[in-house]
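# What follows is a predicted structure for the sequence shown.
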Amino acid sequence: MQVITEDLIFQLDESETLLEGLERTGHQVEYQCRSGYCGSCRVTLRAGSVDYEKPPLAYLRRDEILPCCCRVLEPLVIKAHLKSKYSA
Amino acid sequence: MKYSTFSLTDNDQLKEPMFFGQSVNVARYDQQKYPIFEKLIEKQLSFFWRPEEVDVSQDRTDYRNLPDHEQHIFISNLKYQTLLDSIQGRSPNVAFLPLVSIPELETWIETWSFSETIHSRSYTHIIRNIVNDPALVFDDIMRNQHIIERAGDISKYYDDLIHYSMLYNKCGAGTHTLNGKTHEVSLFELKRKLYLCMMSVNVLEAIRFYVSFACSFAFAERRLMEGNAKIIRLIARDEALHLTGTQHIINIMQDGQDDPEMAEVARSCHAESVEIFKHAAQQEKEWAKYLFKDGSMIGLNLGILNQYIEYITNLRMHAVGLEPAFSNASHNPIPWINAWLVSDNVQVAPQEVEVSSYLVGQINSTVSAEDLGEFEL
């Protein structure tokens, strides 16, 4: 599945979560519990949609998703930057 | 709103707001206005742990071998955490329970507060194991100006709310003169005090613990004080859940669907809320300065910790609908901390420290020479 961020377009592998995909491609993304209850990894969804196997416990606004536990249903546009852009 | 431990008026609990409705009568969970609180309770119960399960005996040796300035860092953080959990182990119950009006939130508050008492007991467990006289450490909490300064700022929002809600409960809205002192009492002001208190608790769990967490994990990265780090991981897991709890409460309040006046209250508290965050971040930076007064520790120094404080302050502000306070803090200066904060697999540290909980109730496998004394070949 295709994921578009501020800095990159990449393919999400079937075996990885969106969070793992973002980490693999060098994005700055926060995490803590990696199972939906802490909300640390929440990112803004600009286009596309996701669902969850179980509704996560963390508070989410309408335009926010949890990359640690969401299921990507269609190509997504999300707000995330590459780590290298921050150090520059 | 008059508090009763069991309100005799038959009501539809689904129509009550989170706070300031009719006091809860039947503790029932078959129907819930906000199922999220029931889910938080279940999660918290699944996290249950006991400090005694974690073996901290190696920490005693580690602690003795630490240089003085690192001993200061370690023990000061424990003192500070002891203070934080002393407050959190009782205050949500005392302050919020008389105001709450739905059962699932009432039980969440009790479950939350109870888990903080486990944290308090764990500090005694750690301190008892690493120093000869724990009393010296505990006694200093009340005598250490750096810690006491923080205590005032944390407890004042609770105390304010508790005193004001007692007045409201006793006298109702209006102007009252008690013992020669005049009080203006209104429900709106009471709601403001609740909102600010919830924001301050949110800040406590969102920011105040994290300097301490960072130091504990920095020791453990060097394979020092690992028993302590195991306990801190369990505490951090609980705190992340409590934080989610207060974030839900605050966002429901802001939304106004639960209680339209609460949305107005939230707007009127906006500037003060931002100030609570900024003030806490500043205090934590001063705390870091006090910790490192005689020298930094490997992997952490004042500059890095300050950046981390600003970074998490921004994140936590965003989660409750506030604009980030620090413009230059958009990335985590200590990303390794997250590996310690991953809590789903708390018992399996990346460093694979010994997991002693599996030993509880098992056969003692240490065999001494005397055990074989009566054997003859």
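Structure's in. What do you need?
# Now chain A against chain B: closest residue?
residue A:38 (3.9 Å; C-beta to the nearest C-beta). Placement of C-beta: from N, CA and C, glycine included.
# Setting aside sequence neighbours, what's the nearest residue to that residue?
residue B:240 (3.9 Å; C-beta to C-beta, 6 or more residues apart in numbering or on different chains).
# cool, residue B:216 as well?
residue B:232 (4.3 Å).
# What is the neighbour count of the one you found?
28 (other C-beta atoms under 10 Å in any protein chain shown).
# Repeat that for residue B:25.
If we define neighbours as other C-beta under 10 Å, then residue B:25 has 16 of them.
# So it sits against residue B:6, correct?
Yes - counting by C-beta atoms under 8 Å, residue B:6 is a contact partner of residue B:25 at 5.1 Å.
# still on that earlier bit, for the residue of chain A closest to chain B, give me the pLDDT.
pLDDT, residue A:38: 95.
# What does it show for phi and psi?
phi -90, psi -30 (degrees, to the nearest 10).
# Quick check: it touching residue A:66?
No - with contact defined as C-beta under 8 Å, residue A:38 does not reach residue A:66; the gap is 9.3 Å.
# Which of the three states applies to the closest residue to chain A within chain B?
In chain B, the residue that lies nearest chain A is residue B:240 (3.9 Å; C-beta to the nearest C-beta). Assigned with DSSP: H, G, I helix; E, B strand; the rest coil, residue B:240 falls in the helix class.
# Now name the helix or strand holding residue A:71.
strand A:70-72 (DSSP states H and E).
# er, residue B:109 actually
With DSSP H and E as the criterion, residue B:109 is inside helix B:103-130.
# The next helix or strand along the chain from that helix - what's its average pLDDT?
With elements assigned by DSSP H and E, the helix or strand that comes after helix B:103-130 is helix B:134-141. Confidence over helix B:134-141 (mean pLDDT, whole number) is 96.
# Who are the packing partners of helix B:134-141?
Contact here means 3 or more C-beta pairs under 8 Å, 6 or more residues apart in numbering or on different chains; DSSP states H and E; on that basis helix B:134-141 packs against helix B:68-96, helix B:103-130.
# got the contact list for that helix?
Helix B:134-141 is contacted from outside by B:75, B:78, B:79, B:82, B:83, B:124, B:127, B:128, B:131, B:147, B:148, using C-beta atoms under 8 Å, 6 or more residues apart in numbering or on different chains.
# how close does the closest residue to the first one other than its chain neighbours sit to residue B:143?
Read it as residue B:75. In this structure, residue B:75 finds its nearest non-sequential neighbour in residue B:137, 6.2 Å apart by C-beta to C-beta, 6+ apart. According to C-beta to C-beta, to the nearest Å, residue B:137 and residue B:143 sit 11 Å apart.
# same question, residue B:161
28 Å.
# now residue B:261
43 Å.
# Around residue 72, how many other residues sit close by?
You didn't pick a chain, so chain A it is. 22.
# please go with chain B instead
Residue B:72, neighbours per other C-beta under 10 Å, totals 17.
# per-residue pLDDT, the nearest residue to it once chain neighbours are set aside?
Leaving aside its sequence neighbours, residue B:72 sits nearest to residue B:294 (C-beta to C-beta, 6+ apart; 6.2 Å). If you check residue B:294, the pLDDT there is 96.
# mind checking the SS state of residue B:294?
Criterion first, three-state DSSP; result for residue B:294: coil.
# That one is in contact with residue B:71, isn't it?
No - if you go by C-beta under 8 Å, residue B:294 and residue B:71 don't touch, sitting 9.9 Å apart.
# quick one, strands of the chain?
Let's take chain A. Under the criterion DSSP state E, strands of chain A are mapped to A:2-4, A:9-11, A:43-47, A:50-52, A:64-65, A:70-72, A:76-78.
# look at chain B instead
B:174-178, B:181-185.
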